[in-house]
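1. Structure, please.
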Amino acid sequence: MVIDLLAQPDGAAVRQLEPYHRVPEGDLRERIGAARERLGDSLLVLGHHYQKDEVIEFADLRGDSLKLSQLAAESRACRHVIFCGVHFMAETADMLTADDVEVILPDMAAGCSMADMADIDQVEACWEELGEVVDTSEITPVTYINSTAALKAFCGRHGGVVCTSGNAERVLRWAFGQRKRVLFFPDQHLGRNTAKAMGVPLSRMKVWDPALPLGGNNEGELAETTVYLWKGWCSVHQMFKPEHIDLFRGRDPEMKILVHPECPMEVVDRADIIGSTERIINTVAAAPAGSKWAIGTELHLVNRLKQEHPEQTIHFLSPMVCMCATMYRIDLPHLCWAMENLVDGVVVNRIKVDGETTEKGLLALQRMLDLS
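-> Next up, the predicted model:
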């Protein structure tokens with residue numbers, strides 16, 4: 001993958017970021033609005049559901065990572081995409097949009113701890129080690145959309161596929177239709193929860209720890225495994241505990257528990273409804289007035305649902321603050337800085353995925369889309 005940190009026409013001066021942090025919030029809002037007006041339809045601002053409200057306010061489109069990338073690809077007018085999300089999301093947007101569309105991530109430090117838990121060297125080493133125990137032609141690699149472009153390309157090269165939290169079961173059923181084993185990365189919880197719901201015994205699932213020989217397993221265990229689960233997790237959803245559910249149900253037996261499938265199995269097993277971000281949003285939107293929810297997902301989204309549905313009682317499932325710290329890095333100073341540089345003809349923090357990675361990654365993405 002190639003990252004173009006800076007692209008500028010001859011003679012254009014690059015605005016420096018540091019002064020933007022000293023600009024009052026009201027002035028930032030005015031300047032963002034002015035830059036947005038000048039850029040017009042040539043710019044599309046994408047806002048992930050987990051973003052702060054002050055950033056979401058300026059998003060042309062709001063959604064999950066794949067949906068936003070698909071909508072950007074459908075736009076015929078935009079020449080620049082500012083993705084208010086994290087690094088792997090901007091990569092996917094670049095893969096799906098036309099070659100002449102430049103994708104910008106306002107803060108290059110906005111990564112994803114889960115995606116960082118599996119890099120391409122580790123996954124290739126895992127594949128090689130597994131090949132010493134079982135025939136890798138029996139394994140379908142499946143990567144969660146929350147992963148780098150390199151891992152999507154790995155799946156494309158090896159007959160694998162991408163999944164989302166909303167279609168993971170459909171994708172796993174396809175994967176088992178191709179081969180008898182699955183290597184699922186980078187989120188162990190989504191893989192375990194989905195496979196368990198499909199009837200795969202826990203005894204046939206093993207966690208692969210990339211820091212240990214054979215992932216911390218012995219050859220006999222690996223030979224009997226159906227689903228190899230990468231030792232990765234979401235730092236947000238990992239924090240929800242069964243005792244949090246007990247706390248809310250103890251206070252109010254009518255409280256319904258709604259959680260994301262990235263939560264640990266012990267939480268998912270006790271929840272009333274399990275669903276992707278979109279399903280969580282749609283479930284609350286469709287619920288009657290007076291409904292009571294304790295929701296296990298990112299804090300900004302839960303607070304936004306609370307504001308949008310005052311007719312319902314909505315609580316954050318954890319007693320501790322639990323937000324996506326890396327996505328939290330996208331703020332008004334970074335957004336204003338990226339926009340005003342664009343007005344000057346300067347592209348900062350461009351995300352550009354190389355051609356081969358894009359080609360192979362799109363194979364894995366298309367396999368998933370063909371299942372829809």
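
2. Verify the stated contact: residue 335 with residue 59.
-> No - if you go by Cβ atoms under 8 Å, residue 335 and residue 59 don't touch, sitting 9.7 Å apart. In this view, the C-beta of every residue, glycine as well, is placed from N, C-alpha and C.

3. ranges for the helices of the stretch 251-372 of the chain?
-> 265-268, 277-286, 299-308, 332-343, 355-370 (DSSP state H, counting those that start in this stretch).

4. Please compute how far the first one lies from its chain's middle.
-> To tie it back to what came earlier, the one meant is helix 265-268. 20 Å (Cα atoms, centre = their mean, to the nearest Å).

5. hmm, back to that, between residue 335 and residue 59, which has more neighbouring residues?
-> Using other Cβ atoms under 10 Å as the criterion, residue 335 and residue 59 rank with residue 335 on top: 28 against 19.

6. for whichever strand or helix holds residue 121, which positions count as buried?
-> Assigned by DSSP states H and E, residue 121 belongs to helix 120-131. Across helix 120-131, burial judged by 16 or more other Cβ atoms under 10 Å covers 120, 122-123, 126, 129-130.

7. Over to stretch 258-270?
-> Buried residues in stretch 258-270 (16+ other Cβ under 10 Å): 258-264, 267-268.

8. do stretch 238-251 as well
-> 238-241, 244-245, 247-249.

9. just stretch 278-293 next, same as before
-> 279-281, 283-284, 287, 291, 293.

10. Out of those residues, which two sit at the greatest distance?
-> Greatest spatial distance among those (Cβ to Cβ): 279 and 291, at 15.1 Å.

11. wait, isn't residue 315 in contact with residue 248?
-> Yes - with contact taken as Cβ under 8 Å, residue 315 and residue 248 are classed as touching, separated by 6.6 Å.

12. between those two, what contacts are shared?
-> 255, 294 (Cβ atoms under 8 Å, 6 or more residues apart in numbering).

13. how far away is residue 42 from residue 35?
-> For residue 42, the distance to residue 35 (Cβ to Cβ, to the nearest Å) stands at 12 Å.

14. Which one's more surrounded, those two?
-> residue 35 (21 against 12).

15. Now do residue 161 against residue 274, distance only.
-> When residue 161 is compared with residue 274 (using Cβ to Cβ), they lie 21 Å apart.

16. between these two, which one's more packed in?
-> A direct count of neighbours by other Cβ under 10 Å for residue 161 and residue 274 places residue 161 higher, at 27 against 21.

17. That one contacts residue 173, correct?
-> No - using Cβ under 8 Å as the test, residue 161 is too far from residue 173 to be in contact (11.1 Å).

18. give me every residue that touches the closest residue to residue 100 other than its chain neighbours.
-> Among residues not flanking residue 100 along the chain, residue 79 sits closest, at 6.8 Å (Cβ to Cβ, 6 or more residues apart in numbering). Under the criterion of Cβ under 8 Å, 6+ apart, the contact list for residue 79 reads 42-43, 100-102.

19. Look up phi and psi at residue 79.
-> phi -110, psi -20 (degrees, to the nearest 10).

20. what's the spacing between it and residue 279?
-> Distance from residue 79 to residue 279, by Cβ to Cβ: 33 Å.

21. and if you look at residue 256?
-> Taken as Cβ to Cβ, the span from residue 256 to residue 279 is 14 Å.

22. What of residue 153?
-> 28 Å.

23. show me the contacts for the closest residue to residue 130 other than its chain neighbours.
-> Nearest residue to residue 130, sequence neighbours excluded (Cβ to Cβ, 6+ apart): residue 136, at 5.9 Å. Residue 136 makes contact with 127, 130, 158 under the criterion Cβ under 8 Å, 6+ apart.

24. Likewise for residue 60?
-> 44-46.

25. Now with 7 Å, please.
-> 44-45 (Cβ atoms under 7 Å, 6 or more residues apart in numbering).

26. okay, the buried residues of stretch 278-293 in a markdown table with pLDDT and distance to residue 230 next?
-> Formatted as a markdown table, the buried residues of stretch 278-293 follow (pLDDT from 0 to 100; distance: Cβ to Cβ, whole Å):
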| residue | pLDDT | distance to residue 230 |
| --- | --- | --- |
| 279 | 96 | 24 |
| 280 | 97 | 24 |
| 281 | 96 | 27 |
| 283 | 98 | 28 |
| 284 | 98 | 31 |
| 287 | 98 | 34 |
| 291 | 98 | 36 |
| 293 | 98 | 31 |
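
27. That's all I had, so thanks and see you.
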